[in-house]
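Asks: I'd like to go over a predicted model; first the sequence, then the structure.
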Amino acid sequence: MKPENKIPVLERISAEMNVVANFQQENLPPWPVNGDINAQRQHYTRERQFWNADAPEMDTREYAVPTPFGAIATRLYFPQPESKATLFYLHGGGFILGNLDTHDRIMRLLARYTQCTVIGIDYSLSPEARFPQAIEETAAVCQFFHQHADAFSLNMQKIGFAGDSAGAMLSLASALWLRDRNIVCGDVVGVLLWYGLYGLQDSVSRRLFGGHWDGLTRQDLQSYEQAYLRDADDRESPYYCLFNNDLTRDVPPCFIAGAEFDPLIDDSRLLHQTLQAHQQPCEYKMYPGTLHAFLHYSRMIKAADDALRDGAQYFTQQLDDAQR
């Protein structure tokens, strides 16, 4: 797409989103442009510190879970002593960025709004770890906590997955991985997916949107994919292109959230349409005026808080329905 033909996104975003897009943090250096991934990770973590401030306080516990790939750091959030379910959270960051700290506020709010235990999984990043290692690590972490639920005061009878962006893909991919391999970690009653990518290589939204403001140009998306996948054949894997998986049966109820001016929104739309066509339980909601990654900005954007509350409400509704 010739740049002049793209939608002028920054002229159309909401007033709240515009404030965030133009917000300048004091003493924050420019984004590293030399391709040093460690420098990019450090910058991303530092930049997210502001957006993670003033999060709800609650009991937390850190635990390194042993897996075949080594110890995987996790963070457990306990909003109350007794929980109806456990929700595993997988952070976004294009498979190459992010950690438990960059998404701490999101997980705390999700724990508060669901009143369920949330477990953040600090899966191994790419390109050091490539597909499908993050999914296998997630499955291993789920199995560990299922086997040691009493020791951690967890209710693992009912579980869910949640994630944003790349974490949304990993969340649904992990749920399908458990289903397809008959791995028992509890009954998956819901999956919460905020502006994920699910395998499209091209779409209308990928042509019209994406720029320096969200780090999702065509070249950016290709670089994330190249870092994550082992080879070109992985593009067609049913755990990367999820539309190549069987979405006609036994898909956990999915809350699918899209950002209006996100180049990945067509992934969400197609996922919703596919599930809906095959009578798989799902709900789709688009948040007007927002950009990709808006979930981080709940300190300034009401839509971000609304999106978290909406996902939490969907999950708790699935829990209520499962108990009837």
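Replies: Cool, got the structure.

Asks: Which parts of this structure are strands?
Replies: Along the chain, the segments classed as strands by DSSP state E run 59-67, 70-78, 86-90, 117-121, 158-164, 187-194, 254-259, 282-287.

Asks: Figure out how far the second one is from the centre of its chain.
Replies: This means strand 70-78. 16 Å (CA atoms, centre = their mean, to the nearest Å).

Asks: Mind listing residues that contact that strand?
Replies: 58-65, 100, 104, 107-108, 111, 117-124, 137, 140-141, 152-154 (CB atoms under 8 Å, 6 or more residues apart in numbering). C-betas here are computed from N, CA, C, even on glycine.

Asks: and what of the third one?
Replies: Contact partners of strand 86-90, identified using CB under 8 Å, 6+ apart, comprise 103, 106-107, 110-111, 114, 116-121, 123, 134, 138, 141-142, 145, 154-156, 158-163, 167-168, 170-171, 174, 186, 192, 315.

Asks: ok now stretch 266-276, how far from the chain's centre?
Replies: 16 Å.

Asks: Next, count neighbours for residue 12.
Replies: Other residues near residue 12 come to 13 when the count uses other CB atoms under 10 Å.

Asks: The nearest residue to it once chain neighbours are set aside: what's it in contact with?
Replies: Counting by CB to CB, 6 or more residues apart in numbering, residue 261 is the residue found nearest to residue 12 once chain neighbours are left out, at 6.6 Å. By CB under 8 Å, 6+ apart, residue 261 lies in contact with 7, 9, 12-13, 209, 289-292.

Asks: Helices - which of those residues land there?
Replies: Judged by DSSP state H, helices contain none of the contacts of residue 261.

Asks: Distance to residue 226 and pLDDT added to those, as JSON lines?
Replies: What follows is the contacts of residue 261, written out as JSON lines (distance: CB to CB, whole Å; pLDDT from 0 to 100):
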{"residue": "7", "distance to residue 226": "26", "pLDDT": "95"}
{"residue": "9", "distance to residue 226": "25", "pLDDT": "97"}
{"residue": "12", "distance to residue 226": "31", "pLDDT": "98"}
{"residue": "13", "distance to residue 226": "29", "pLDDT": "98"}
{"residue": "209", "distance to residue 226": "21", "pLDDT": "97"}
{"residue": "289", "distance to residue 226": "31", "pLDDT": "98"}
{"residue": "290", "distance to residue 226": "27", "pLDDT": "98"}
{"residue": "291", "distance to residue 226": "24", "pLDDT": "98"}
{"residue": "292", "distance to residue 226": "19", "pLDDT": "98"}
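
Asks: out of the residues you listed, who's nearest residue 239?
Replies: residue 292 (22.1 Å; CB to CB).

Asks: Look up how far residue 158 lies from that closest one.
Replies: 30 Å (CB to CB, to the nearest Å).

Asks: circling back: are any of the contacts of residue 261 buried, and if so which?
Replies: Buried subset of the contacts of residue 261 (neighbour count, 16 or more other CB atoms under 10 Å): 9, 13, 209, 289-292.
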